[in-house]
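Enquirer: Next one to model:
(chains A, B, C and D)
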There are 2 protein chains.
Amino acid sequence: MAERVRLIDVAREAGTSVSTVSRALNGSDLISPEVVAHVRAVAGELGYRADKRAQEFKLGRPLTVGVTVPDLTNPFFSEVLKGLAASARAGGYRLLIGESGEDPAEELRLVEELVDHSGALVLCSSRLTRAGLEKALALPVPVVCINRTVKNAGAVAIDYRAASRLLLEHLTGLGHRRVLYVGGPASSWSDGERRRTLRRTARSLDVTLDEMDGGWAGNHGYDAGPTVLSSRATAVITFNDLVGVGLLSWMHDNDVDVPAELSVASYDDIPIAAYARPPLTSLRNERARLGELAWEQLATRLAGNDWPRPDLLTPELVVRASTGPARRRARIRTS
Amino acid sequence: MAERVRLIDVAREAGTSVSTVSRALNGSDLISPEVVAHVRAVAGELGYRADKRAQEFKLGRPLTVGVTVPDLTNPFFSEVLKGLAASARAGGYRLLIGESGEDPAEELRLVEELVDHSGALVLCSSRLTRAGLEKALALPVPVVCINRTVKNAGAVAIDYRAASRLLLEHLTGLGHRRVLYVGGPASSWSDGERRRTLRRTARSLDVTLDEMDGGWAGNHGYDAGPTVLSSRATAVITFNDLVGVGLLSWMHDNDVDVPAELSVASYDDIPIAAYARPPLTSLRNERARLGELAWEQLATRLAGNDWPRPDLLTPELVVRASTGPARRRARIRTS
DNA sequence: ATGCGGAATGCAAACGATTGCAACCGATCG
DNA sequence: CGATCGGTTGCAATCGTTTGCATTCCGCAT
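Expert: Below is the predicted model:
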């Protein structure tokens, strides 16, 4: 923890003015090469580092992007952040990350705070209410939504219509006619989309779709076990892999044979899906790409152009051992 | 995206000077209550938001903490971040998060960048080389290390000595005399600590400890399967749960009965450990608390005091079905 | 009436950097 | 030999906010 060196210190030491130092360091062509070399040398010696706060303040544009995510520990969001961080960094921007804890009110507070420090906002799987979202979009910075489509803002999302179709076609192909969806958090837009598209596709495929409420974590899936077992569905689709793995775990504990007695499939294909027993059939999506695309939209906008059209990412079905042919008759077991 | 409102705009509209507006908004007692009310009203109407960049610049202290983590998608780090973010936020600070991708050189670059924007640094499970760390500590901001002890800096860590003892005592209690450790990333200080303390404890418990190199993710554990199986150990300790789950998965695929033929235990107890089959015996640690403590150290230091002594968090062994009595004789199977 | 004190307010100087413009230099040209 | 010019350099203003100090205004005591 040494003392902070300022431009004026370098100037004094180098025997020039601050303007000269500034120009030398920033590579202006108005300065003679020898002076540049000298100043650079002195600056290096003194360990000068520009005060970015002063710099950004003077230049007027914050090189920071504020990001909100519902939950940092969810692998889906971590990977989106990974992609976003890498792209933003390449573009000279940094990420200010805030976690809302799946709470719409907290997310709004977060947004208000982040905007004060950022030149742009990325809302990842925003749990904001309609009104909250309007408020966010009225802020004096560009906003991109990931996994939530809105007007007058950037938007990148998973193509849930395609996703749901892939899942249901896979299951009907295995002979399933009755499918249960174990839902996610009520405030999640993507849960809504999953339900909507599942319903619609189920209708067109002549599949009966049951729905139940769930959540986003492993325990939500585990706890759903009894209800799932007592339902008449032969296949289950869970909100995400964490829920799916939790459900598989309950089935294992209760000696339900997956997939012989029940098929389980899910969205997202996070790494552990492959290591679940049985390995979980899931929809792979390029989450990191989602972050990259969000940045691209933002970059376009920051360059002064209009918002590009929303990006939609089509997932890919990864079939594993958790799904199999529908059993022929009703389950005999008494739960 | 509206126009930016500045103090001077509010002042003009309210018919006062900027100083009055500033004082009114910041709650100085030098201003008459009516004026305060009026100014507040006008500011609200105009939608004034202070330019934090200018504010922090003027006040001279950056209210931002830079954090590096090796990998955002690792649940261990996510939870540390969660705890850190919450505490820092409560203290009026924000987090600037950077991901090094497990790469020491990249982490150093990251540190250099973060420090320009932050008033303090937290290095989470730093992969920095000794020299890199020295460099970081020489920076003009206070630095806290999580899971890596250093002098002249803040430090909070898991008590790996206690951790390793808990694991080995559990295993010896089950009759295991030969244990294999599947290691983590070479650049990880905590892997070094785990090895060191395991060796030491093994000696004192008269257990034979074998070691092999591994990594930090599920596939590292899965890939370690053949080597593990062909070893003479009856129990395995993995670097972390991700590796452990991967290993369990391989054992399942290859019909090795865990824990009858082989016991598996691990560090960290991330949520999925409980949902693995069999559920994984692991060491629970309060990762979020690690983040909170890091903040507390930082806060003490920022308040002008000396660094407090390092915090050590003692983990707790969660025994699950992946560990059991040692088998009596050498394995017969041919891998 | 004058002076004085306290409360409320405004003026102006910072913070550390960037940058338009003026000033300066030596050399070249008329 | 003085004016001019291109190439360097320094002066000073500026970004939006905070804050020490001066100023104003009031009432009240002398």
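Enquirer: surely A:Ala155 meets A:Pro142?
Expert: No: at 11.9 Å, A:Ala155 does not count as touching A:Pro142 under the criterion of Cβ atoms under 8 Å. Where you see a C-beta, it was placed from the backbone N, CA and C, and this is true even at glycine.
Enquirer: could you pull out the helices for the stretch 101-250 of chain A?
Expert: Applying DSSP state H, counting those that start in this stretch to the stretch 101-250 of chain A gives helices spanning A:104-115, A:130-137, A:160-173, A:189-205, A:218-230, A:241-253.
Enquirer: Any buried residues in the first one, and which?
Expert: Which is helix A:104-115. A:104, A:106-108, A:110-111, A:113-115 (16 or more other Cβ atoms under 10 Å in any protein chain shown).
Enquirer: Is that helix in proximity to chain B?
Expert: Yes: judged by Cβ under 8 Å from any Cβ of the partner chain, helix A:104-115 and chain B are in contact via A:113, A:115.
Enquirer: quick one: contacts of that helix?
Expert: A:66-68, A:70, A:96, A:98-100, A:121, A:123, A:126-129, A:132, A:135-136, A:139-141, A:187, B:49, B:94 (Cβ atoms under 8 Å, 6 or more residues apart in numbering or on different chains).
Enquirer: which non-adjacent residue is nearest A:Leu84?
Expert: A:Gly291 (3.2 Å; Cβ to Cβ, 6 or more residues apart in numbering or on different chains).
Enquirer: okay but that neighbour is in contact with A:Ile146, surely?
Expert: Yes: using Cβ under 8 Å, A:Gly291 is in contact with A:Ile146, at 7.4 Å.
Enquirer: overlap in contacts of those two?
Expert: In contact with both A:Gly291 and A:Ile146: A:Val80, using Cβ under 8 Å, 6+ apart.
Enquirer: where in chain A is pLDDT low?
Expert: A:1-3, A:328-335 (pLDDT under 70).
Enquirer: tell me which parts of chain A are close to DNA strand C?
Expert: Taking Cβ under 7 Å from any atom of the strand as the measure of proximity, chain A contacts DNA strand C at A:4, A:6-8, A:18-19, A:22-23, A:25-26, A:50-51, A:54-55, A:57-59.
Enquirer: What parts of the stretch 1-150 of chain A come near DNA strand D?
Expert: A:16-20, A:23, A:30-32, A:35, A:57-58, A:60.
Enquirer: one more time with 10 Å
Expert: Residues of the stretch 1-150 of chain A found near DNA strand D (Cβ under 10 Å from any atom of the strand) are A:7, A:11, A:14-24, A:28-36, A:38-39, A:54-60, A:116.
Enquirer: of those residues, buried ones?
Expert: In these, the ones that pass as buried (16+ other Cβ under 10 Å) are A:7, A:11, A:14, A:16, A:20-24, A:31, A:35-36, A:38-39, A:54, A:56-57, A:116.
Enquirer: Return the subset of the residues you listed lying in helices.
Expert: A:7, A:11, A:14, A:20-24, A:35-36, A:38-39, A:54, A:56-57 (DSSP state H).
Enquirer: List the residues that contact A:Asn219.
Expert: Counting by Cβ under 8 Å, 6+ apart, A:Asn219 has contacts A:Gly246.
Enquirer: Now A:Tyr267. Nearest residue, chain neighbours left out?
Expert: Per Cβ to Cβ, 6+ apart, closest to A:Tyr267 is A:Leu283, 5.0 Å.
Enquirer: Wasn't the one you found part of a strand?
Expert: Yes: when DSSP: H, G, I helix; E, B strand; the rest coil is applied, A:Leu283 is found to be in a strand.
Enquirer: Please report how far the closest residue to A:Asp51 other than its chain neighbours lies from A:Leu46.
Expert: Spatial nearest neighbour of A:Asp51, excluding adjacent residues (Cβ to Cβ, 6+ apart): A:Arg6 at 7.2 Å. Between A:Arg6 and A:Leu46 the computed distance is 10 Å (Cβ to Cβ, to the nearest Å).
Enquirer: can you list the residues of the stretch 151-300 of chain A near chain B?
Expert: Residues of the stretch 151-300 of chain A lying close to chain B (Cβ under 8 Å from any Cβ) are A:217-218, A:222, A:242, A:245-246, A:248-249, A:252, A:271-272, A:274-277, A:279.
Enquirer: now, among those residues, which is nearest to DNA strand C?
Expert: Closest approach between these and DNA strand C, by Cβ to the nearest atom of the strand: A:Pro271, at 42.6 Å.
Enquirer: and the residue lying closest to A:Arg277 once chain neighbours are set aside, how many neighbours does it have?
Expert: The shortest distance from A:Arg277 to any non-neighbouring residue, by Cβ to Cβ, 6+ apart, is to B:Arg277 (4.1 Å). Look at B:Arg277: counted by other Cβ atoms under 10 Å in any protein chain shown, it has 21 neighbours.
Enquirer: Quick check, B:Arg277 in contact with B:His252.
Expert: Yes: if you go by Cβ under 8 Å, B:Arg277 and B:His252 touch, sitting 6.8 Å apart.
Enquirer: Mind listing the shared neighbours of these two?
Expert: With Cβ under 8 Å, 6+ apart as the test, B:Arg277 and B:His252 both reach A:Arg277.
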